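Student: A predicted structure for the sequence below; I have some questions about it.
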Amino acid sequence: MLSFTDPAVIPSEADAYAEARLWSDWTGDEAVKVGGLRRGQDFIAQTYNGRWLTVWDNNDAPDLVKFAIIEAARRELVSPGSLAPDFVAARAVTREKKKVGPLEKELQYAEATSAASVQPVIDAIGKLLAGLIGAKAGSYGSAPLLRV
């Protein structure tokens with residue numbers, strides 16, 4: 001299971017992963033990268049810690065989990081806070097209509113929705129972790145944890 005305090009990926013590992021993919025947006029000094037990796041790991045831990053199909057220590061995180069952390073960290077470096085956006089249901093616009101001449105504007109706000117609806121879905125991370133996670137709690141097809 002991923003730790004919320006101890007890193008599973010160090011900057012040099014992330015640098016090698018980014019360099020192999022020619023990411024020009026993986027920039028900043030080591031402290032900036034550590035912060036991005038921390039937020040990326042927090043996102044992966046918060047999203048998947050209850051769904052791992054096997055049990056492992058943070059130090060022994062599978063490579064695919066480390067790669068997912070780096071993918072998440074990249075998004076945090078490019079757009080800080082994007083993995084955990086704030087959400088106010090009363091301000092969620094579901095429809096907006098504009099008219100240019102003689103000016104008209106119409107907005108429709110969401111009646112009820114949730115913070116989960118604005119949580120990012122990152123295809124690259126989902127594909128990396130697909131074979132390592134079970135279904136979400138409360139859904140069909142969840143698998144038991146296996147100790148390896």
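Tutor: Structure received. Residues are numbered from 1 along each chain as shown.

Student: for residue 3, what are its contacts?
Tutor: Contact analysis of residue 3 by C-beta atoms under 8 Å, 6 or more residues apart in numbering lists 41, 45, 58. Bear in mind the C-beta positions are built from the backbone N, C-alpha and C, glycine included.

Student: For this protein, give me the ranges with low pLDDT.
Tutor: For the chain, the stretches flagged by pLDDT under 70 are 87-97, 99-100, 107-119, 137-148.

Student: Tell me how many other residues surround residue 121.
Tutor: Residues lying near residue 121 (other C-beta atoms under 10 Å) number 6.

Student: out of the contacts of residue 3, which are buried?
Tutor: Buried members of the contacts of residue 3, scored by 16 or more other C-beta atoms under 10 Å, are 41, 45, 58.

Student: Which of the residues you listed fall in helices?
Tutor: 41, 45 (DSSP state H).

Student: ok, the contacts of residue 3 vs residue 106, which is closest?
Tutor: Using C-beta to C-beta, residue 45 comes nearest to residue 106 of these, at 41.7 Å.

Student: Quick check, that closest one in contact with residue 4.
Tutor: Yes. With contacts counted by C-beta atoms under 8 Å, residue 45 reaches residue 4, the gap being 5.9 Å.

Student: Can you spell out the domain ranges of the protein, please?
Tutor: Here the domain parsing of the chain from automatic domain parsing is 1-84+120-148, 86-119.

Student: Let me know which of those domains is tucked in deepest.
Tutor: Highest mean neighbour count among these (mean count of other C-beta atoms under 10 Å): domain 1-84+120-148, with a mean of 16.

Student: helix or strand for the residue of the chain most remote from its centre, which one?
Tutor: Distance from the C-alpha centroid of the chain, by C-alpha atoms, centre = their mean, peaks at residue 102 (43.4 Å). Under the criterion DSSP states H and E, no helix or strand holds residue 102.
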